[in-house]
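Peer 1: Prediction below, plus the sequence it came from.
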Amino acid sequence: MSYNRRSRIITQGIARSPNRAMLRAVGFADADFEKPIVGVANGHSTMNPCNAGIQPLVDRAIAALKDAGAMPQVFGVPTVTDGIGMGTEGMKYSLVSREVIADAIETSVNGQSMDGVLVVGGCDKNMPAAMMAMARINVPGIFVYAGTIKPGSWKGQTLTIVSPFEAVGAIAAGKMSREDYDGIERNACPSVGACGGMYTANTMSSSFEALGMSLLGSSQMAAPDAEKADSAEQSAQVLYQAIRQDLKPRDIITRKSIENAIALVMATGGSTNAVLHYLAIASAAGVPWSIDDFERIRKQVPVLCDLKPSGRFVAVDFHRAGGVPQVLKILLAQGALHGDCMTITGRSIGAELQSIPSEPRSDQEVIRSWSNPMYAQGHLAILRGNLAPEGSVIKSTAIDPSVVDPDGIYRKEGPAKVFVREKDAIAAIKKGRIESGDVLVLAGCGPLGTGMEETYQLTSALKHLPFGKHVALVTDARFSGVSTGACIGHVGPEALAGGPIGKLRDGDVIRIVIDRNKLEGSLDFVGEAGKKFSADEGAAILSRRSSREDLAPAANLPSDTRLWAALQQAGGGAWGGCVYDVESVLALLEAGSKSLRK
């Protein structure tokens, strides 16, 4: 039996002689036209360490596909590196690159009627983009992670990419010597691979194991290690079997499997960006999923792993301690994982975990038992209030424990210092305009303003103030997976969509309440000009205010980013996953056309 269910349309029959002629030029022989054509989406790039080690993985996957009886076809996909673009104009291309990558994969696979796809990626947006594309295409597919970077070392200190970012703030504050500053820079990234803590890239790649779309145990391997290339070969072999079985992404990506993925994110202390990306993945797969679903899972799952940026250990430590399979087995044993969900191997995730012990090993400190968690509930708290009617998100475990009250509640009430550009906020910090007790507000930096840039330089600058832990940050932008502190992001609606955050003025009193035990809280405007009032009264005042006059999209926002931002706003904005719904867009265009005709 042949398994070229889709590609036969371009390889079979008299009329397809020109197609075959072109394929012969790239290595096809007569017998190959009966084989399934498998796309290999190659994220290799020397633009960053995250993707620079991908080519050997691709080579192993190609060889395995050929040995299995498929015809692999390689195509490239772009990448944007937040760690390099941070604080520059490059960040305006960051989040939108997720859509560009997804479109590139979908275009190549569907444009040439491929029978399956193996995606190899490394940097942050590679992962959600790959999953969005595979869900939309819905041909057999698997994701292969480039692997994590190995930790660096300087004078006995373990280094990650966070270290040089923090060194910038430390040397500016006079807290670090030039020798240590240079030493950290030269030793922070000793190998290829993605940033080494449970930052965004490792968060998404590890969650794909729980989702069922990557091989168990593969996501936290170090990029340079031989086992990483071995896993790429095994992934190709598994994909070929999925093609034979016609096992498709939408057979695997279901509401229950997304619940598994989010449970893993919560248990490992993953990045806030997972919220944004899983809303988009669910949308691509046609799975109903909302902000309330994150809250529901969070309440059921404790934080079990002591991982950076909030903890002590890095990804390679996690892998040695048992990694994702160990955490998943703990969740399964406690009824917090759906064991019947299908995986790309054709077996259920419960069956895949059968040989894993239900308790973590006693000779490691990275993974804790269910009865002794880092935190009793998941760490990603969703906050609502009159400043965030649609919602906002904070990594509660990143709040300095010394500013949390004895009852486990973070209470913050302070005057707003409002900015509409990150560079102005950073300049204010450097000039001493930010004081202990302030609530720094960065508005107009959501998708419509800047493409929803990450603001790690801002959080890093705050961290090195002597009173930085006493300053909260509220924004409609995103945070890097490495950010720490009382940082509330993804505030929705965003300022340029008429959100209340865009109506704040300097001196307005903001109240933040986060219960770190129940992982719930609120974000409200509760005072102005020396007068205090209730959250309901604050909402009424905001409804009467106009948006700030200085709010405007960044003057140099790229045209493609502007278009994407407008389209995603029509589809629900940040809390719709920053994806655009074609039917909603068409309906708006039609309504606009009718209005103009009248």
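Peer 2: Perfect, I can see it now.

Peer 1: So what's the residue count around Arg6?
Peer 2: 17 (other C-beta atoms under 10 Å). To be clear about C-beta, it is placed using only N, CA and C from the backbone, and glycine gets the same treatment.

Peer 1: Three-state assignment for it, please.
Peer 2: Under DSSP: H, G, I helix; E, B strand; the rest coil, Arg6 falls in the coil class.

Peer 1: quick one: contacts for it?
Peer 2: Arg6 is in contact with 37, 113-115, 139, counting by C-beta atoms under 8 Å, 6 or more residues apart in numbering.

Peer 1: mind redoing it with 10 Å?
Peer 2: Taking C-beta atoms under 10 Å, 6 or more residues apart in numbering, we find Arg6 in contact with 36-37, 109-110, 112-116, 139.

Peer 1: The residues you listed: which two are farthest apart?
Peer 2: Across those, no pair lies farther apart than Pro36 and Asn110, at 15.1 Å, counting by C-beta to C-beta.

Peer 1: Among these two, which residue is more densely surrounded?
Peer 2: Of the pair Pro36 and Asn110, Pro36 is the one with more neighbours under other C-beta under 10 Å, namely 26 against 16.

Peer 1: How about the contacts made by the residue nearest to that one when sequence neighbours are not counted?
Peer 2: What sits nearest to Pro36 in space, not counting adjacent residues and going by C-beta to C-beta, 6 or more residues apart in numbering, is Asp115, at 3.8 Å. Asp115 sits next to 2-8, 35-39, 70-71, 109, 139-140, 240, 243, 246 when contact means C-beta under 10 Å, 6+ apart.

Peer 1: Just the ones of these in strands?
Peer 2: 37-39, 71 (DSSP state E).

Peer 1: What is the nearest of these to Val96?
Peer 2: Gly39 (22.9 Å).

Peer 1: about what we covered before: so of the contacts of Arg6, which ones are in helices?
Peer 2: 109-110 (DSSP state H).

Peer 1: Could you export the contacts of Arg6 as JSON lines, including pLDDT and distance to Ala129?
Peer 2: Putting the contacts of Arg6 into JSON lines (pLDDT from 0 to 100; distance: C-beta to C-beta, whole Å) gives the following:
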{"residue": "Pro36", "pLDDT": "98", "distance to Ala129": "24"}
{"residue": "Ile37", "pLDDT": "98", "distance to Ala129": "22"}
{"residue": "Val109", "pLDDT": "98", "distance to Ala129": "13"}
{"residue": "Asn110", "pLDDT": "98", "distance to Ala129": "15"}
{"residue": "Gln112", "pLDDT": "96", "distance to Ala129": "19"}
{"residue": "Ser113", "pLDDT": "98", "distance to Ala129": "21"}
{"residue": "Met114", "pLDDT": "98", "distance to Ala129": "17"}
{"residue": "Asp115", "pLDDT": "98", "distance to Ala129": "21"}
{"residue": "Gly116", "pLDDT": "98", "distance to Ala129": "18"}
{"residue": "Val139", "pLDDT": "98", "distance to Ala129": "16"}
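
Peer 1: so which of the contacts of Arg6 is the most crowded?
Peer 2: Among the contacts of Arg6, Gly116 has more neighbours than the rest - 32 neighbours, counting by other C-beta under 10 Å.

Peer 1: all strands of the stretch 151-300 of the chain, in order?
Peer 2: Using DSSP state E, counting those that start in this stretch, the strands assigned to the stretch 151-300 of the chain run over residues 152-154, 157-159.

Peer 1: now the residue nearest to Pro36: how far from Arg244?
Peer 2: 10 Å (C-beta to C-beta, to the nearest Å).

Peer 1: shared neighbours, these two?
Peer 2: 3, 36, 70, 140.

Peer 1: farthest-separated two in those?
Peer 2: Across the shared contacts of Asp115 and Arg244 (C-beta to C-beta), the longest gap, 10.5 Å, separates Ala70 and Pro140.

Peer 1: Just want to know which of the two has more residues nearby.
Peer 2: Pro140 (30 against 26).

Peer 1: list the contacts for the more buried one?
Peer 2: 3, 5, 36, 38, 114-118, 134, 238-249, 251-252, 344.

Peer 1: for Lys329, same thing?
Peer 2: 216, 322, 337, 339, 349-350, 352-360 are the contacts of Lys329 under C-beta under 10 Å, 6+ apart.

Peer 1: In helices, which of these fall?
Peer 2: 349-350, 352.

Peer 1: of all those residues, which comes closest to Ser257?
Peer 2: Ile349 (8.0 Å).

Peer 1: Next, count neighbours for the closest one.
Peer 2: Ile349 has 27 nearby residues by other C-beta under 10 Å.

Peer 1: before we move on, what about Arg178?
Peer 2: Using other C-beta under 10 Å: Arg178 sits among 8 other residues.

Peer 1: so it makes contact with Ala170?
Peer 2: No: taking contacts as C-beta atoms under 10 Å, Arg178 lies outside contact range of Ala170: 11.3 Å.

Peer 1: quick revisit: redo the contacts of Arg6 as CSV? Include distance to Met452.
Peer 2: Output for the contacts of Arg6, formatted as CSV (distance: C-beta to C-beta, whole Å):
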residue, distance to Met452
Pro36, 38
Ile37, 36
Val109, 27
Asn110, 28
Gln112, 32
Ser113, 35
Met114, 32
Asp115, 35
Gly116, 32
Val139, 30
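
Peer 1: So for the helix or strand bottoming out on mean pLDDT in the chain, what gets flagged as buried?
Peer 2: Least confident helix or strand of the chain, by mean pLDDT, DSSP states H and E, is helix 456-463 with a mean of 84. Neighbour-count burial for helix 456-463, with 16 or more other C-beta atoms under 10 Å as criterion, is recorded at 456-463.

Peer 1: Likewise for stretch 422-434?
Peer 2: 422, 425-426, 428-429, 434.

Peer 1: I'd like to know which of those is nearest to Gly449.
Peer 2: Glu422 (10.4 Å).

Peer 1: Toward the C-terminus, what is the element adjacent to the longest strand along the chain?
Peer 2: Identified as the longest strand of the chain according to DSSP E is strand 409-419. Going down the chain from strand 409-419, the next helix or strand is helix 422-430, by DSSP states H and E.

Peer 1: sec struct for Glu537, please.
Peer 2: Going by three-state DSSP: Glu537 is helix.

Peer 1: Would you mind measuring from it to Asn386?
Peer 2: 9 Å.

Peer 1: same deal with Ser546?
Peer 2: 16 Å.

Peer 1: So for the two, which sits in the more crowded spot?
Peer 2: Using other C-beta under 10 Å as the criterion, Ser546 and Asn386 rank with Asn386 on top: 22 against 9.
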